[in-house]
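S.K.: Return a 3D structure for these sequence lines:
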Amino acid sequence: MNKVIFLFLGVIFFISCGRDNVEYKVMPLSDIEKIMYQIHLHDALKEVHSSTIPEATFYDSTYYSDSILSKFEIDKNTFMWNVIYYSQLDKMDKVYLRIIDSLEKGKSNVEKLKFLETNNNK
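M.R.: Reported below is the predicted structural model:
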């Protein structure tokens, strides 16, 4: 009787601990980079303008990231799985370097436009 109970509890344990059989698709690294760039750009804009624009004007980061992910037709779990996947392959450092470079170029372009606008108004 004890063996039956032990076996029954063991089966229940293994069934309950089983993984969800969700298979995530590996996205191209370039798509991961585009998604991360857009999320970081939104967060940067929100941070820069937080003192001049009411908080309610900006979408909540969670809502905005969901909107970005939907453009790529993926969900948060798939995105996070891909980030972990590429992190294990030591690819994320290069992705972040490219994202930082892109954000810096964007910042530089904005500063040039502000400079030109200021000089044209004189």
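
S.K.: Number of residues surrounding the nearest residue to residue 41 once chain neighbours are set aside?
M.R.: By the measure of Cβ to Cβ, 6 or more residues apart in numbering, the closest residue to residue 41 outside its immediate chain neighbours is residue 103, 6.7 Å from it. C-beta here means a position set from N, CA and C on the backbone, and glycine is covered the same way. Residue 103 has 14 neighbours, counted by other Cβ atoms under 10 Å.

S.K.: which residues of the chain score low on pLDDT?
M.R.: Applying pLDDT under 70 to the predicted model, the residue ranges of the chain that meet it are 1-21, 49-63, 122.

S.K.: So residue 73, which state does it fall into?
M.R.: When the structure is reduced to helix, strand and coil (DSSP: H, G, I helix; E, B strand; the rest coil), residue 73 reads as coil.

S.K.: Show the contacting residues for the residue nearest to residue 41.
M.R.: If you count contacts by Cβ atoms under 8 Å, 6 or more residues apart in numbering, residue 103 has them with 37, 40, 41, 44.

S.K.: ok, it to residue 112 distance?
M.R.: 15 Å (Cβ to Cβ, to the nearest Å).

S.K.: cool, and residue 76?
M.R.: In this structure, residue 76 and residue 112 are 36 Å apart, going by Cβ to Cβ.

S.K.: which residues in the protein form helices?
M.R.: Remark: helices assigned in the chain by DSSP state H are 2-16, 29-48, 61-71, 76-88, 92-120.

S.K.: got JSON lines for these, with distance to residue 22 too?
M.R.: Conversion of these to JSON lines gives the following (distance: least, Cβ to Cβ, whole Å):
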{"stretch": "helix 2-16", "distance to residue 22": "17"}
{"stretch": "helix 29-48", "distance to residue 22": "18"}
{"stretch": "helix 61-71", "distance to residue 22": "16"}
{"stretch": "helix 76-88", "distance to residue 22": "7"}
{"stretch": "helix 92-120", "distance to residue 22": "22"}
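
S.K.: I'd like to know which of the ones you listed is closest to residue 23.
M.R.: In terms of Cβ to Cβ, the element of the helices of the chain nearest to residue 23 is helix 76-88, at 9.8 Å.
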